[in-house]
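A.B. asks: Everything below, folded, please.
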Amino acid sequence: MNRPLSMTSFGRGEASHGGTTWTVEVRSVNHRYCDVSCKIPRKYAPLEDRIRKEVAGQYSRGHIDVMLSYSASGAEAVNIAVNLELARQYHRSLQALSEALALAPPTDLGMVAAFKDVISVAEPEEDLDVVWPHLRAALVEALDNGLAMREREGAALKEDLLGRLEALAATAETIESQAPELVRKKELLLKERLDNLLKGVDIEPSRLAQEVAVMADKADVTEELVRLRSHCRQFSHFLDLDEPVGRRLDFLMQEFLREINTMASKINDAGVAHLAVELKNEVEKMREQVQNLE
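C.D. replies: Model (predicted):
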């Protein structure tokens, strides 16, 4: 099993024994929990728990629909029984109505046969312990085919996510490289504003340095960038794990957005705001992909 796995899949399996062919289809889509829905003929309802157990062995998350159908051939496929006594009673009742209402006597055999329970069709009883190994073979084939599809899509999602992660890290590095220059620009802007306000009045250098230091501290995004790089490393690490990681990746997406929003509000620069929007767009695209991973 190659992870990460997508939660979207379709698989089909078939098995035959003793004139009966069982067909199983398994379809899955993304879901927060493992939600299994079985649509099976009533005669096989006692096997539902076994079917669910097999499905749970391959899925930890997702909405999974299991559809079972079968076809039987040969003389023993069905048993047809005729209730002659019931047919006679229906016929006598029709004759009584005919006489009472002065209508023509009933002569249509189809009319009598159409009444409830005159002709019944019953399927022969099956030993479910004998049926199960063959039905399970069809189910396992469907699950395996679905797993192959989940692996292929999971590999494609991983490749896409790693590419976007690289782009996100590169944009974060751009912001980091621009941060010192942005602080210097803010310092010059602060001095210019003070000069305009005070009109040449001398200001103590220490006081100015203190204000600049406070401003620089407020605009410092080192902490956010460090956490962002850490999240990128964790994200890449989770993608290499041989276990379900969709929920952890989804949590990291929230943390990415938290750091990006904080960083944009601290620097408060038009250029950085534009880069922050790019980062958010990239994270949102990643989040859409992540939500389809198991």
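A.B. asks: Tell me the gap between the longest helix along the chain and the middle of its chain.
C.D. replies: Ordering each helix of the chain by length in residues (DSSP state H) puts helix 128-198 first. Taking C-alpha atoms, centre = their mean, to the nearest Å, one finds helix 128-198 lying 17 Å from the centre of the chain it belongs to.
A.B. asks: Could I get the full set of helices for the protein?
C.D. replies: 48-56, 84-101, 109-113, 128-198, 205-218, 222-239, 246-267, 270-290.
A.B. asks: which stretch among the ones you listed comes nearest residue 24?
C.D. replies: helix 128-198 (4.4 Å; C-beta to C-beta). To be clear about C-beta, it is placed using only N, CA and C from the backbone, and glycine gets the same treatment.
A.B. asks: Farthest from the middle of the chain: give me that residue.
C.D. replies: Using C-alpha atoms, centre = their mean, the residue of the chain lying farthest from its centre is residue 102. It sits 68.1 Å away.
A.B. asks: give me the low-pLDDT residue ranges for this protein?
C.D. replies: For the chain, residues meeting the criterion pLDDT under 70 lie at 74-79, 106-107, 121-124, 183, 186-219.
A.B. asks: and it, what are its domains?
C.D. replies: 9-73+127-151, 79-122, 152-290 (automatic domain parsing).
A.B. asks: and these, which is most packed in?
C.D. replies: domain 9-73+127-151 (a mean of 17; mean count of other C-beta atoms under 10 Å).
A.B. asks: Give me the distance from that domain to the chain's centre.
C.D. replies: 19 Å.
A.B. asks: The chain should start at 230 in everything you say after this.
C.D. replies: Happy to do that; since the first residue is 230 now, the last one works out to domain 238-302+356-380.
A.B. asks: who does the longest helix of the chain touch, helix- and strand-wise?
C.D. replies: strand 238-246, strand 249-258, helix 277-285, strand 291-301, helix 434-447, helix 451-468, helix 475-496, helix 499-519 (3 or more C-beta pairs under 8 Å, 6 or more residues apart in numbering; DSSP states H and E).
A.B. asks: ok, back up a step: with distance to residue 231 added, can I get the domains of the chain in TSV?
C.D. replies: Output for these, formatted as TSV (distance: least, C-beta to C-beta, whole Å):
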stretch	distance to residue 231
domain 238-302+356-380	5
domain 308-351	48
domain 381-519	7
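A.B. asks: Residue 232: which of the ones you listed is closest?
C.D. replies: Here domain 381-519 is closest among the domains of the chain (C-beta to C-beta), at 5.4 Å.
A.B. asks: Contacts for stretch 456-463, please.
C.D. replies: Stretch 456-463 has contacts (C-beta atoms under 8 Å, 6 or more residues apart in numbering) with 394, 397, 398, 401, 481, 484, 485, 488, 489, 492.
A.B. asks: Please report the distance of residue 316 from residue 332.
C.D. replies: According to C-beta to C-beta, to the nearest Å, residue 316 and residue 332 sit 20 Å apart.
A.B. asks: How about residue 266?
C.D. replies: 52 Å.
A.B. asks: With residue 483 instead?
C.D. replies: On the measure of C-beta to C-beta, residue 483 and residue 332 end up 78 Å apart.
A.B. asks: before we move on, what about residue 365?
C.D. replies: With C-beta to C-beta as the criterion, residue 365 and residue 332 are 58 Å apart.
A.B. asks: For residue 253, give me its contacts.
C.D. replies: Contacts of residue 253 by C-beta under 8 Å, 6+ apart are 241, 242, 243, 295, 296, 297, 364, 367, 368, 370, 371.
A.B. asks: Could you rerun that using 7 Å?
C.D. replies: Going by C-beta atoms under 7 Å, 6 or more residues apart in numbering, residue 253 touches 242, 295, 297, 367, 368, 371.
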